[in-house]
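# The sequence isn't on hand, but the structure is:
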Ligand code: NZQ
Ligand code: ZN
């Protein structure tokens, strides 16, 4: 078991109609002017944006708005937000949306609060932020856990590089309003893609080669079972409040650090491999992860078949004899069958990508930072390994 630090300062307000409290909650924060940041059209169409504006006006909180954040959020929108915040003297950011909107808000927060450097440097990891504007969240999709996490992922249109920021507690939201009902309007594909992302945040932390903690393993296995169970329910009953609620809370717990306590940080190779897909081909993050995971798992499981066998036994209740290798492979197959059952892809073709050899090479070249880094800890992967995994997933 590794030593660890667990820090999760976000106040969570969970339940039906909780978003109507946002004006009062912001008032308590003592802010001067808020930027309401949102995405394409869903928050406008559902009436959520109007409700949020009304709540702020009633509480006497001054605000400006900036919409138009796209999935795989862009650096150009971040720059637009930074300029707007400076012009309008904004001192608090309210993200109304999913991971893309929250991440864009975090990037704006860094940009405004660190005028001494260019915000992209935090994503190149050549600089570390020293401050961030405070952020609040009204979550509309259960997926990334960005509502409690310490990172943000932005795509730079110059070179189509999708990069995660330096991990930094400064960007953890001050509060997150989680109303499962706000996710009812999601297309099925986004709901299920979100479920995969939630699973993956725990799996990335679970598949490590060091000794782990029994309590963390149990929390992780139970979280995975809960998400699998409820993701299946949501295929048939998108308006099932309890299923929405279970998945939403699992999403926050899966990426606030809880399932990594004592595991030493996790593997994260699948996330690194997927970020290149998102940057180059603009795919939904969770679906991209589903398309890669089985290939990654088959490529690495022999490093520690026992760990994969534990996963098979405790998450999918596959009887585990002494043949760890066989049980490990059965667990990988079971997860892929689950992905198929929720209409998620298990390879790149099913994700909608027909990639050439050159494109596969470019993905691996970018993911390895031009052959200068390795990824993963379960098994360290160099550029050649990455290329092989993309090829297996093709
Ligand atoms: O833009 P709108 O119109 O709102 O539509 C969005 C978008 O098209 C739609 N949507 C969201 N809530 C909705 C809704 N449609 C109807 N009803 C609702 N209630 O869903 C689509 C996807 O939204 P997005 O915010 O992109 O999804 P998600 O939450 O999956 O975020 C993905 C981004 O977060 C990053 C990913 O890489 C990706 O860029 N991640 C961020 C992390 C973090 N900061 O901790 C960790 C993750 O691993 C991940 O990398
Ligand atoms: Zn993710």
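Received the coordinates, thanks. In this text, all values refer to a predicted model and were calculated from it rather than measured experimentally. Ligands and ions are numbered 1, 2, ... in the order given.
# where's the nearest residue to residue 105 once chain neighbours are set aside relative to residue 279, distance?
For residue 105, ignoring the flanking residues on the chain, the nearest one in space by C-beta to C-beta, 6 or more residues apart in numbering is residue 95 at 4.0 Å. The C-beta positions use only the backbone N, C-alpha and C, and glycine is treated the same way. Going from residue 95 to residue 279 by C-beta to C-beta, to the nearest Å gives 21 Å.
# if you count what's nearby, which of those two comes out ahead?
residue 95 (31 against 23; other C-beta atoms under 10 Å).
# So that one lies in a helix, does it not?
No. Applying DSSP: H, G, I helix; E, B strand; the rest coil, one finds residue 95 to be strand, outside a helix.
# Quick check: residues of this structure near ligand 1?
39-43, 71-72, 97-101, 103, 140-141, 143-146, 149, 151-153, 182-183, 185-186, 190, 194, 197, 255, 271, 278, 285 (C-beta under 6 Å from any ligand atom).
# Which of these are buried, as a ChimeraX select command?
To isolate the buried subset of the residues of the chain next to ligand 1 in ChimeraX, counting by 16 or more other C-beta atoms under 10 Å, use the following:
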select :39,42,43,71,72,97,98,99,100,101,103,140,141,143,144,145,146,149,151,152,153,182,183,186,190,194,197,255,271,278,285
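# So which of the residues of the chain next to ligand 1 are in strands?
Secondary structure of the residues of the chain next to ligand 1 is defined by DSSP state E; positions in strands are 97, 153.
# For ligand 1, what's the nearest residue on the stretch 251-394 of the chain?
Relative to ligand 1, the nearest point of the stretch 251-394 of the chain is residue 285 (3.9 Å; C-beta to the nearest ligand atom).
# Can you verify my assumption that that residue contacts residue 145?
No. Between residue 285 and residue 145 there is no contact under C-beta atoms under 8 Å: 11.6 Å.
# Who are the contact partners of residue 137?
Contact analysis of residue 137 by C-beta atoms under 8 Å, 6 or more residues apart in numbering lists 94-96, 102, 105, 146-147, 173, 175-177.
# Secondary structure element holding it?
Here residue 137, judged by DSSP states H and E, is contained in strand 135-139.
# so what strands line up beside that strand?
Using DSSP bridges, the strands paired with strand 135-139 are strand 92-97 (parallel), strand 175-178 (parallel).
# what about that strand, distance to the chain center?
Between the centre of strand 135-139 and the centre of its chain there are 15 Å (C-alpha atoms, centre = their mean, to the nearest Å).
# And for stretch 274-294?
For stretch 274-294 - counting by C-alpha atoms, centre = their mean - the centre lies 12 Å from the chain centre.
# Next, work out how far apart residue 52 and residue 179 are.
The separation that residue 52 has from residue 179, given C-beta to C-beta, amounts to 12 Å.
# meant to ask about residue 321, not that
Counting by C-beta to C-beta - residue 321 and residue 179 are separated by 45 Å.
# the more surrounded of those two?
Between residue 321 and residue 179, counted using other C-beta under 10 Å, residue 179 has the larger neighbour count: 23 against 9.
# Quick one: residues contacting the more buried one.
Shown in contact with residue 179 (C-beta under 8 Å, 6+ apart): 14-19, 138-139.
# of the residues you listed, closest to residue 298?
Taking C-beta to C-beta as the measure, residue 298 lies nearest residue 139 of the contacts of residue 179, at 33.9 Å.
# What is the burial count for that closest one?
For residue 139, using other C-beta under 10 Å, the count is 32.
# What of residue 302?
11.
# Please name the residues that touch the residue lying closest to it once chain neighbours are set aside.
The shortest distance from residue 302 to any non-neighbouring residue, by C-beta to C-beta, 6+ apart, is to residue 325 (7.5 Å). Contact analysis of residue 325 by C-beta under 8 Å, 6+ apart lists 301-302, 305, 309.
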